[in-house]
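S.K.: Model the structure of this input:
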Amino acid sequence: MRLVILGGGGFRVPLVHQALLADREPGRVTDLVLHDLDAGRLDAIGHVLAQQAEDTVDPPRVTMTTDLDEALTGATFVFSAIRVGGLEGRVVDEQVALGEGVLGQETVGAGGIAYGLRTVPVAVRIARRVAALAPEAWVINFTNPAGMVTEAMSHHLGDRVIGICDSPVGLGRRVARALGVDPATAWFDYAGLNHLGWLRGVHVGGRDLLPRLLADPEALVSFEEGKLFGADWLRTLGAIPNEYLHYYYFTRDAVTAAREARYSRGAVLTEQQRRFYESVRAEPNNALAAWESARIEREVTYGAESREAAGAGDRDSDDLTSGGYEKVALAIMRAIAHDERTTLILNVRNRTTLSILDSEAVVEVPCVVDAGGARPVVIDQLPDYAQSLVCGIKTVERAVIDAAVHADPTAALKALALHPLVDSVTVARRLLDGYLRKIPELAYLRENNRA
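M.R.: Below is the predicted model of the structure:
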């Protein structure tokens, strides 16, 4: 089986490789192709993978290329894990937004819109090349903003593109731990959009254990989301929100924390990864140790601003292991390639799952996965407090896709102005002007800018 990773020089690629090395089942991945536009980053990650595989018998054969068509030809599965504009672009996303007093987080608010505007055109081009060169391949999208990018790619690949995220996996794992149950035995009733979902039930043996957790104040604040949102708010909702909803429920606190932080998250990661890639160039024989050190530093600082705003303290040591998205991706591949039916929380086309959205809207919900792909399961509808937010953000996502596909700056302004975390059309105009000035990848919008 031939697996292609687009963005193969990315920092998190060794996590996927670890999962592949651990898979000893028949029909496993035998050929791993890494594609990246940056040959230097590819070389660095290549050293990490080689050292990871030293004690593994018959590891997947790794090849690297900067040619997209060469990478895609003959692919069975394609992981899309690109970052258009690099971490430097993320820093701009954050700085421009915070300069206007609004959030510039990677996938939320103005920052997420800017990231989508420069990523969707590239994702669409990739989808078209996959359709032309590997029409039988399945695309598993890691690229953020994951729901938006998956929906844009689905216009060309249909149900053969599936979006994944590690946030629901981590949430389920933490809630199960707080309940004292094995997450492998639980069915998690989760629904929404990517980075905008709610866990409404934890079913084990035919019983929903979430009410028990909500009634236990001590257990409720024993994990990340309980600390972020507070027991009272979780009981008010009757659900556990995805951690990214902290930006919506505690907006002023989050903006204040971001503005007071010495460095933005993008700046922190830029420096961490600069040190890593430079250290590998200087000492390639120490690549794996350098990567593991940088990975731990990355996990320790994850969500630091939100935890600071909520007074939640440091991350639990159990959350410092890899987030789990690589294991989700492997589970998808095995289910499809070998018709091994499983249930996973994924980003797929809605069909009739959430009545408030049309069938083509990409949602994040439990899905049955087998040789036919991923299909959303029948679930309860979202509560009233979630419906308006989901509909509003889906409108924003589609305005971004429209702007990217049609090079329409008016649609880009619409996306910014309609986002609930941007509180003024005037601010939206200034945000768009700032992003157009500072992000080279948005030249396609500058050329048509009449907003």
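
S.K.: So in this protein, which helix runs the longest?
M.R.: helix 109-133 (DSSP state H).

S.K.: which strands and helices sit next to it?
M.R.: Counting by 3 or more CB pairs under 8 Å, 6 or more residues apart in numbering; DSSP states H and E, the packing neighbours recorded for helix 109-133 are helix 68-72, strand 77-80, helix 86-99, strand 138-141, helix 146-157, helix 384-406, helix 409-418, helix 425-438. For the C-beta atoms, the positions are set from N, CA and C on the backbone; glycine is no exception.

S.K.: export those to JSON lines and tack on distance to residue 282?
M.R.: Output for the helices and strands packed on helix 109-133, formatted as JSON lines (distance: least, CB to CB, whole Å):
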{"stretch": "helix 68-72", "distance to residue 282": "28"}
{"stretch": "strand 77-80", "distance to residue 282": "29"}
{"stretch": "helix 86-99", "distance to residue 282": "20"}
{"stretch": "strand 138-141", "distance to residue 282": "34"}
{"stretch": "helix 146-157", "distance to residue 282": "34"}
{"stretch": "helix 384-406", "distance to residue 282": "39"}
{"stretch": "helix 409-418", "distance to residue 282": "41"}
{"stretch": "helix 425-438", "distance to residue 282": "31"}
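
S.K.: So for residue 27, which of those sits nearest?
M.R.: Shortest distance between residue 27 and those, using CB to CB, is found for strand 77-80: 12.0 Å.

S.K.: Can you find the helix or strand of the chain with the lowest average pLDDT?
M.R.: Using mean pLDDT, DSSP states H and E, the weakest-scoring helix or strand in the chain turns out to be helix 304-310, at a mean of 53.

S.K.: tally of neighbours for the residue nearest to residue 123 when sequence neighbours are not counted?
M.R.: The spatial neighbour of residue 123 that comes closest, neighbours along the chain excluded (CB to CB, 6 or more residues apart in numbering), is residue 149 at 4.8 Å. Using other CB atoms under 10 Å as the criterion, residue 149 is surrounded by 33 other residues.

S.K.: which residues touch residue 149?
M.R.: Residues near residue 149 by CB atoms under 8 Å, 6 or more residues apart in numbering: 80, 116, 119-120, 123, 141, 143, 163.

S.K.: try 6 Å
M.R.: Shown here is residue 149, whose contacts under the criterion CB atoms under 6 Å, 6 or more residues apart in numbering are 123, 141, 143.

S.K.: so what are the domain limits for this protein?
M.R.: By the record's domain assignment, the chain is partitioned as 2-163, 168-249, 254-308 (automatic domain parsing).

S.K.: Looking at those domains, spot the one closest to residue 348.
M.R.: domain 2-163 (6.0 Å).

S.K.: Could you work out the end-to-end span of that closest one for me?
M.R.: 19 Å (CA to CA, to the nearest Å).

S.K.: oh, and call the first residue 34 from now on, that's how I've got it
M.R.: Noted, 34 is the first residue going forward, which turns the last one into domain 35-196.

S.K.: Okay, now the unreliable bits of the protein?
M.R.: Within the chain, the segments meeting pLDDT under 70 span 334-356, 483-484.

S.K.: State the distance from residue 272 to residue 210.
M.R.: 18 Å (CB to CB, to the nearest Å).

S.K.: make that residue 306, sorry
M.R.: Going from residue 306 to residue 210 by CB to CB gives 30 Å.

S.K.: Validate this expectation: residue 402 resides in a strand.
M.R.: Yes. With the criterion set as DSSP: H, G, I helix; E, B strand; the rest coil, the secondary structure at residue 402 is a strand.

S.K.: So it is in contact with residue 368, correct?
M.R.: Yes. Between residue 402 and residue 368 there is a contact under CB atoms under 6 Å: 4.1 Å.
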